[in-house]
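K.L.:
Build the 3D model from these lines:
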Amino acid sequence: MRPTLRGVGVALVAGGAFGMAATGGARALNAIAAPAVVVLAIGAIQIVRVNAPTVERPDPRAGFPGEHREIELDVQGSGVARLADSLPGAESGRYEIHTTLPDSVAYELTLTNRGEWTVGPARLVVTDTLGLFRTTVTTEATATLLVYPEVKDLSGDEAFAGFFEQTRVPDRQAFDTLREYAPGDPLRDVHWKSSAKRGEGDLVVKEFVGETTRGTIDIAASAASGHADAMASAAASVAVLALEAGYSVRVTCPDGELPAGHGDEHRRHLLELLARTGAGYPDERAREGADVLIEADGDGVAATVGGRRHRLAVDGEGRAVAADGGPVSDANGTMADRRSGGGAASDASGGTSNAQFDGGPVSDANGTADHRSAGGER
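P.N.:
Below you'll find the predicted structure:
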């Protein structure tokens, strides 16, 4: 327990009143000193008897750069408190609010860089009602926030389109069922009438009879130090494209391997692996046996597809760009979970495109930059 500036002021007033009493008599003591001593005693007793605050918090849902997540805290205790929550890489470094305990607190966080981040712990400065004394408590509870790598739209890229060309087109007239939207689902499959009856941002998509997998695509990804974000973004983009084309996908990266699989749960596990991976190189067997080999270094990101080394370039507005930097196609209509899109840009060598996955942060245009998850290369 420590006095606040206000408490120090009241104590000085009381001390001065005792000095005045020595020269002016007991009347000065009764008029000034006695009330000051009483309020100091009341404040001290309140702080001593305050219930130590505790915090419970759920982990927010994982998401993509540019998306928003609500951070929730259930704070138990008593007294008036200033709560400060630690935020990874935020410009302010923390979120602050004044509240009266107990209380439920929620604030919005803008996702920026890929990775697994720890939000918290919360630090509470509890004061008495008059603000004369304070005690500081750092709670233990933290939340884990997972930010997926950016998924760029490669559907217009000729090299990948040819490699993932579907041999069987689903019967899109044979409707099967509705399910919740998952990152990577085509926007054309959203059932808008059913989605409108649900909460804001809660979409459902249509599934059709005959949508089956067609073999396995092995993806191996490696990155030089400082280029893990670019590698993860490229690998995720290729993997999501292959899943949408109906393939089963196996991914090997510096932090591990995800066995072949397909479907929504497999897509989530794939994105989680690539969200956490750092720089490095998988074993040589995985690299040599890969159908698609992703390599990221200081020169950019290269994907070896079908024995050909392939590069992509995507500008800041999500458009494919040619070698001279001029736009060649527009990527309008990409899904909300895709922060940038683009197509292919062929150079004069015939079919080889320049590609760039910079893995940089996505700025927030809504003024919530003070509360963002961020980070750098691992």
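K.L.:
switch to C-alpha atoms for all contacts and neighbour counts from now on
P.N.:
Fine.
K.L.:
what is Thr144 paired to in the beta sheet?
P.N.:
Beta-bridge partners for Thr144, by DSSP bridges, are Thr118.
K.L.:
okay but it is in contact with Pro60, surely?
P.N.:
Yes. Using CA atoms under 8 Å, Thr144 is in contact with Pro60, at 7.3 Å.
K.L.:
tell me the pLDDT at Met77?
P.N.:
No, residue 77 isn't Met; it's Gly. The score at Gly77 is 87. That number is its pLDDT.
K.L.:
nope, Ala232 is what I meant
P.N.:
Listed pLDDT for Ala232 reads 95.
K.L.:
Is it correct that it is in contact with Leu274?
P.N.:
Yes. The criterion here is CA under 8 Å, and Ala232 meets it with Leu274 at 5.4 Å.
K.L.:
who touches both of these two?
P.N.:
Taking CA atoms under 8 Å, 6 or more residues apart in numbering as the criterion, Ala232 and Leu274 both touch Pro149.
K.L.:
okay, now the domains of the protein?
P.N.:
Using automatic domain parsing, the domain parsing of the chain gives 2-49, 54-147, 158-168+213-358, 172-211.
K.L.:
Tell me the first helix or strand C-terminal of the host helix or strand of Ala220.
P.N.:
Using DSSP states H and E, Ala220 sits within strand 216-223. The first helix or strand that comes after strand 216-223 along the chain, using DSSP H and E, is helix 228-244.
K.L.:
Could you tell me how far the residue nearest to Pro3 when sequence neighbours are not counted is located from Glu108?
P.N.:
Spatial nearest neighbour of Pro3, excluding adjacent residues (CA to CA, 6 or more residues apart in numbering): Phe133 at 4.2 Å. Here the criterion is CA to CA, to the nearest Å. By it, Phe133 lies 31 Å from Glu108.
K.L.:
So if I had to pick from those two, which one is more boxed in?
P.N.:
Using other CA atoms under 10 Å as the criterion, Phe133 and Glu108 rank with Phe133 on top: 25 against 16.
K.L.:
Surely the more buried one and Ala81 touch.
P.N.:
No. With contact defined as CA under 8 Å, Phe133 does not count as touching Ala81 (11.5 Å).
K.L.:
what touches both of those two?
P.N.:
In terms of CA under 8 Å, 6+ apart, Phe133 and Ala81 are both contacted by the residues Thr127.
K.L.:
mind listing the strands in the stretch 51-200 of the chain by residue range?
P.N.:
Counting by DSSP state E, counting those that start in this stretch, residue ranges of the strands within the stretch 51-200 of the chain are 54-56, 68-86, 94-111, 115-119, 122-127, 133-138, 143-147, 175-180.
K.L.:
out of these, deepest packed?
P.N.:
Of all the strands of the stretch 51-200 of the chain, strand 122-127 has the most neighbours on average by mean count of other CA atoms under 10 Å, namely a mean of 24.
K.L.:
Show me what that one pairs with in its sheet, parallel or antiparallel.
P.N.:
Strand pairing (DSSP bridges) places strand 122-127 next to strand 68-86 (antiparallel), strand 133-138 (antiparallel).
K.L.:
Out of those strands, which is closest to Arg123?
P.N.:
Among these, the nearest to Arg123 by CA to CA is strand 133-138 (4.3 Å).
K.L.:
mind saving the C-alpha coords of that closest one as PDB?
P.N.:
Output of strand 133-138 as PDB, limited to C-alpha atoms (Å, rounded to 0.1, in the frame of the first residue of the first chain):
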ATOM      1  CA  PHE A 133      -4.000   5.200  -1.100                       C
ATOM      2  CA  ARG A 134      -3.200   2.600  -3.800                       C
ATOM      3  CA  THR A 135      -2.100  -0.900  -4.200                       C
ATOM      4  CA  THR A 136      -0.800  -2.600  -7.400                       C
ATOM      5  CA  VAL A 137      -1.500  -6.100  -8.400                       C
ATOM      6  CA  THR A 138      -0.200  -7.900 -11.500                       C
END
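K.L.:
now what about it, what contacts it?
P.N.:
Residues from elsewhere that reach strand 133-138 (CA under 8 Å, 6+ apart): 1-4, 7, 43-44, 47, 52-53, 121-128.
K.L.:
ditto for stretch 266-284
P.N.:
With contact meaning CA under 8 Å, 6+ apart, stretch 266-284 is reached by 114-116, 146-149, 220-229, 232-233, 235-236, 240, 243, 251-256, 258, 377-378.
K.L.:
What average pLDDT does stretch 309-327 get?
P.N.:
Stretch 309-327 shows a mean pLDDT of 43.
K.L.:
Next up, the contacts around the closest residue to Asp59 other than its chain neighbours.
P.N.:
Spatial nearest neighbour of Asp59, chain neighbours left out: Ala143 (4.9 Å); criterion: CA to CA, 6+ apart. By CA under 8 Å, 6+ apart, Ala143 lies in contact with Arg57, Pro58, Asp59, Pro60, Thr118, Val119, Gly120.
K.L.:
correct me, but the last one touches Ser86?
P.N.:
Yes. Under the criterion of CA under 8 Å, Gly120 is in contact with Ser86, at a separation of 4.5 Å.
K.L.:
Surely Gly261 is in contact with Arg250?
P.N.:
Yes. Here Gly261 lies in contact with Arg250, judged by CA under 8 Å, at a distance of 6.7 Å.
K.L.:
what's the average pLDDT for stretch 141-153?
P.N.:
92.
K.L.:
That one spans what distance, first to last residue?
P.N.:
38 Å.
K.L.:
for stretch 239-251, same thing?
P.N.:
End to end - CA to CA - stretch 239-251 spans 8 Å.
K.L.:
can you pull the buried residues of it?
P.N.:
Within stretch 239-251, the residues that count as buried by 16 or more other CA atoms under 10 Å are 239-251.
K.L.:
ok, what's across the strand from Thr177?
P.N.:
Beta bridges link Thr177 to Glu207 when assigned by DSSP bridges.
K.L.:
ok, Val151 touching Ala232?
P.N.:
No. Counting by CA under 8 Å, Val151 does not reach Ala232; the two are 9.1 Å apart.
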